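Asker: My questions are about this predicted structure, shown below with the sequence.
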Amino acid sequence: MTFTYRTYCLAGSAALGLLATACQRATYPATAAAVPIETGVSRALAEARKQLLSQISYALSLNIPGEKTRPISANEVIKFTLRDNRQPLQLDFKAPADHLHSLAVNGQPVPLDYRNEHLVLPTNALRVGRNEVKIDFVAGDQSLNRNDDYLYTLLVPDRARTVFPVFDQPDLKAAFTLTLTVPGQWQAVANGPLREASPATADGVLPSFRNYSFAPSDSISTYLFSFAAGKFTKVTQRVNGRPMSFLHRETDSTKIRLSVPTIFRLHGEALAFLENYTGIPFPFQKFDFTAIPDFQYGGMEHVGNIDYKAASLFLDEGATQDQLLARQNLIGHETAHMWFGDLVTMRWFNDVWMKEVFANFMADKLNPEAAAGPAQLLKFVTDHYPAAYAVDRTAGANPIRQPLANLQDAGSLYGNIIYHKAPIMMRQLERLMGEKPFQAGIQEYLKKYAHGNATWPDLIAILDAHTPADLAAWNQVWVNEPGRPVFDYQLRPTAGQPAQLIISQHAEDKSDRVWPQQFEVTLGYPNGPAKVTVNMNQREVTVPLPATSIS
């Protein structure tokens, strides 16, 4: 919504001044109310900035010393288009105030105004249209993971602001141009392609440092901004015509010999599968990956350079089948994120579960024989159902999709419901729709919101057009509400006819809710087992049994 200010002009030349005033005040978005300056990144702040800002870019330079205890001097240039300059603009920066050294806005020095983890840009320095902000500062150490001879970023969900001033929210995507000055023996990798690596010079003296200059990244969310630098070994291969680079610190020659070719092959297979499934070619400039000792997670889907825990990739001849499958699933999971999370990103972190459940779902599809085998089906049940039941049966259970008022509280969303109920829900959704309609809906969703942001309701609205099922009702009970059904059954004999299986469900909280779902029931007979499919789309269903049923 916009407010338009109208000035009615008098006839004749006297009206010219009024007309000029009217043109200057023509149209503003309805976001002029000041947003409180509070710690974290509130949803109110994020929504206001989303209406105000567009065409954002960051040019960031970091001077990284060899000693991990020394500060990292930095500067950045932020460019953006602003629709309304009637209120101060907040940049997010969670670091000590003395890390900020100087600020210039549109070529003019501006006094530093740092409050509650925000650098506040005053209204009189901003203008409607293009703006340029220059900042000299010391980078925050909290999320740089500095070690003796390497460092790396991990900025999910809102930790970009712990390193540099930034509009740190997922729906303000931007291009990042990065320059790193690092010790001369170090390698470096970032979101964008390497433009140049050259010796660093200072006053005509050639020190033992190198400048790594990277081309602008694709337009990405701030939590996906990434770089790694240090003493790494670099391996480059071409897989299915695509160049890939792999940085690692592994020294075990057996693990290197047995693992490196497989790591490249698995990435190539994952990319080929996902391009085919989504109908969208790999959507970014480059595809590299780095193995990091003691990485906090199994992997992180940074655009242009996936980070992995080294121990998850490098296996020796004693690796078990479970370890080999776990590595394949991990690579499939992180590669799937290139489409599910990176190409299309959640608008706000209350939908962070979407990218995770899709990445797991696609990783299973990469190896359908294993995923559909009895052992893996049993593993899916034992991995997810008990953990989901343990929470969902309680009065304090939360729904899969939860509200989030501030990004600093995003960690509270994680738990057994996201990690274990959501995968169960996703399998049910595909079964409800059918594999082909589900895939068609996913392709439409990815193409519609490519390089942008979307919500779970946006996806459901698209999928709903691909199925006769009532997805709105299904979504309400499965995703927006907590709880689970309790099932009862009975075998009802009928004279001269096969027995009938009566299955009913009721909510533990005694409400009248119904959880639509499909599943198989296996029946044992003297001549062998028989399976029947149950479409549980109402409170009670009657399932005809095979003619060999017990009567």
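Answerer: Received it, and whenever you're ready, just let me know what you need. Numbering: from 1, shown residues only.
Asker: Pull the number of nearby residues for R257.
Answerer: By other Cβ atoms under 10 Å, the residues close to R257 number 11. C-beta: built from backbone N, CA, C; applies to glycine.
Asker: Buried ones in the helix or strand encompassing it, by neighbour count?
Answerer: For R257, the host element (DSSP states H and E) is helix 253-278. Within helix 253-278, the residues scored as buried using 16 or more other Cβ atoms under 10 Å are 255, 259-260, 263-264, 266-271, 273-275, 277-278.
Asker: Just confirm A160 contacts F227, I think it does.
Answerer: No. The criterion here is Cβ atoms under 8 Å, and A160 misses it with F227 at 11.7 Å.
Asker: Give me the distance from stretch 379-396 to the chain's centre.
Answerer: A distance of 24 Å separates the centroid of the chain from that of stretch 379-396, by Cα atoms, centre = their mean, to the nearest Å.
Asker: now stretch 305-320
Answerer: Going by Cα atoms, centre = their mean, where stretch 305-320 is centred and where its chain is centred differ by 22 Å.
Asker: now stretch 57-75
Answerer: 26 Å.
Asker: Give me the contact list for it.
Answerer: 76-80, 134-139, 141, 144, 146-149, 151, 164, 166, 174-183, 216, 229 (Cβ atoms under 8 Å, 6 or more residues apart in numbering).
Asker: Can you give me the end-to-end span of that stretch?
Answerer: For stretch 57-75, the first-to-last residue distance is 14 Å (Cα to Cα, to the nearest Å).
Asker: mind listing what's buried in it?
Answerer: Residues of stretch 57-75 classed as buried by neighbour count (16+ other Cβ under 10 Å): 57-64, 68, 72-75.
Asker: In strands, which of the residues you listed appear?
Answerer: 57-63, 73-75 (DSSP state E).
Asker: Tell me who's in contact with Q90.
Answerer: By Cβ under 8 Å, 6+ apart, the residues touching Q90 are 35, 37, 45, 49, 118-121.
Asker: And L91, by the same measure?
Answerer: 78, 118-121, 133, 165-167.
Asker: hey, what's it bridged with?
Answerer: Under DSSP bridges, the beta-bridge partners of L91 are L119.
Asker: try Q518
Answerer: The partner residues for Q518, given DSSP bridges, come to N535.
Asker: Kindly provide the distance from it to P529.
Answerer: 19 Å (Cβ to Cβ, to the nearest Å).
Asker: same question, A174
Answerer: Taking Cβ to Cβ, one finds A174 at 57 Å from P529.
Asker: and what of I280?
Answerer: In terms of Cβ to Cβ, I280 sits 42 Å off from P529.
Asker: Settle it for me: which of those two has more neighbours?
Answerer: I280 (17 against 8).
Asker: tell me the angle of whichever strand or helix holds M244 relative to helix 253-278?
Answerer: Taking DSSP H and E as the definition, M244 sits inside strand 242-248. For strand 242-248 against helix 253-278, the angle by axes from the mean of the first three to the mean of the last three Cα atoms, to 10 degrees is 140 degrees.
Asker: Restricting to C-alpha, output strand 242-248 in CSV.
Answerer: This file holds the C-alpha atoms of strand 242-248, laid out as CSV (Å, rounded to 0.1, in the frame of the first residue of the first chain):
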residue,chain,number,x,y,z
ARG,A,242,31.4,-28.6,-14.7
PRO,A,243,34.6,-27.5,-13.0
MET,A,244,34.6,-28.1,-9.2
SER,A,245,37.2,-27.2,-6.6
PHE,A,246,37.6,-29.0,-3.3
LEU,A,247,39.6,-27.5,-0.4
HIS,A,248,40.7,-29.8,2.4
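Asker: helices or strands up against that strand?
Answerer: On a contact count with 3 or more Cβ pairs under 8 Å, 6 or more residues apart in numbering; DSSP states H and E, strand 242-248 meets strand 187-190, strand 233-239, helix 253-278, strand 288-292.
Asker: Quick one: work out the angle between that strand and strand 288-292.
Answerer: Counting by the same axes, to 10 degrees, strand 242-248 lies at 10 degrees to strand 288-292.
Asker: Please spell out which residues along strand 242-248 are buried.
Answerer: Across strand 242-248, burial judged by 16+ other Cβ under 10 Å covers 244-248.
Asker: again with stretch 528-546
Answerer: Quick answer for stretch 528-546 (16+ other Cβ under 10 Å): 534, 536-537, 543, 545.
Asker: Please tabulate these in TSV, including the columns pLDDT and distance to V110.
Answerer: Shown next, in TSV, are these (pLDDT from 0 to 100; distance: Cβ to Cβ, whole Å):
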residue	pLDDT	distance to V110
V534	94	66
M536	92	63
N537	91	62
V543	90	72
L545	84	78
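Asker: could I get the residues you listed as TSV with distance to L155?
Answerer: Listed next are the buried residues of stretch 528-546 as TSV, based on distance: Cβ to Cβ, whole Å:
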residue	distance to L155
V534	45
M536	43
N537	43
V543	51
L545	56
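Asker: What is the most widely separated pair among those?
Answerer: N537 and L545 (19.1 Å; Cβ to Cβ).
Asker: Buried ones among the contacts of Q90?
Answerer: Among the contacts of Q90, those classed as buried by 16+ other Cβ under 10 Å are 35, 37, 45, 49, 118-121.
Asker: Which member of the residues you listed is positioned nearest H101?
Answerer: Set against H101, the nearest of the buried ones among the contacts of Q90 by Cβ to Cβ is L119 (11.6 Å).
Asker: What pLDDT does the model give that closest one?
Answerer: Looking at L119, its pLDDT stands at 99.
Asker: Ok, the one 4 residues further on next?
Answerer: Looking at T123, its pLDDT reads 98.
Asker: can I assume it is in contact with D84?
Answerer: No. Using Cβ under 8 Å, T123 makes no contact with D84, being 9.8 Å away.
Asker: higher neighbour count, those two?
Answerer: In terms of neighbours (other Cβ under 10 Å), D84 is the more surrounded of T123 and D84; the figures are 20 against 13.
Asker: For that one, give its distance to D512.
Answerer: From D84 to D512 the distance is 48 Å (Cβ to Cβ).
Asker: again with P281
Answerer: 47 Å.
Asker: next one: L491
Answerer: For L491, the distance to D512 equals 26 Å [Cβ to Cβ].
Asker: More neighbours: which of these two?
Answerer: A direct count of neighbours by other Cβ under 10 Å for L491 and D512 places L491 higher, at 13 against 7.
Asker: Poorly predicted segments of the stretch 1-150 of the chain, please.
Answerer: 1-32 (pLDDT under 70).
Asker: Show me where it has its strands.
Answerer: 2-4, 27-29, 53-63, 73-82, 89-92, 100-105, 108-109, 114-115, 118-121, 129-138, 150-152 (DSSP state E, counting those that start in this stretch).
Asker: and what of the stretch 401-550 of the chain?
Answerer: Counting by DSSP E, counting those that start in this stretch, the strands of the stretch 401-550 of the chain are 452-454, 485-494, 497-507, 517-525, 528-536, 540-544.
Asker: buried sites along the third one?
Answerer: Buried residues in strand 497-507, counted by 16+ other Cβ under 10 Å: 499, 501, 503-507.
Asker: likewise the first one?
Answerer: Judged by neighbour count (16+ other Cβ under 10 Å), strand 452-454 contains these buried residues: 453-454.
Asker: roughly how far out does it sit from the chain middle?
Answerer: Centroid separation between strand 452-454 and its chain, computed with Cα atoms, centre = their mean, is 11 Å.
Asker: Would you give the sheet partners of it, along with the direction of each?
Answerer: Strand 452-454 has these strand partners (DSSP bridges): strand 344-346 (parallel).
Asker: Outside of the helix or strand following the strand it pairs with itself, list whatever touches it.
Answerer: Using DSSP H and E, the helix or strand that follows strand 344-346 in sequence is helix 352-366. For helix 352-366, the surrounding residues in contact (Cβ under 8 Å, 6+ apart) are 157, 269-270, 273-274, 277, 301, 328-330, 332-334, 336-337, 340-341, 345-346, 371, 400-401, 410, 413, 418-419, 422-423, 425-427, 430, 456, 459.
Asker: of the residues you listed, buried ones?
Answerer: Looks like the contacts of helix 352-366 have 157, 269-270, 273-274, 277, 301, 328-330, 332-334, 336-337, 340-341, 345-346, 371, 400-401, 410, 413, 418-419, 422-423, 425-427, 430, 456, 459 buried, using 16+ other Cβ under 10 Å.
Asker: Brilliant, that's me finished.
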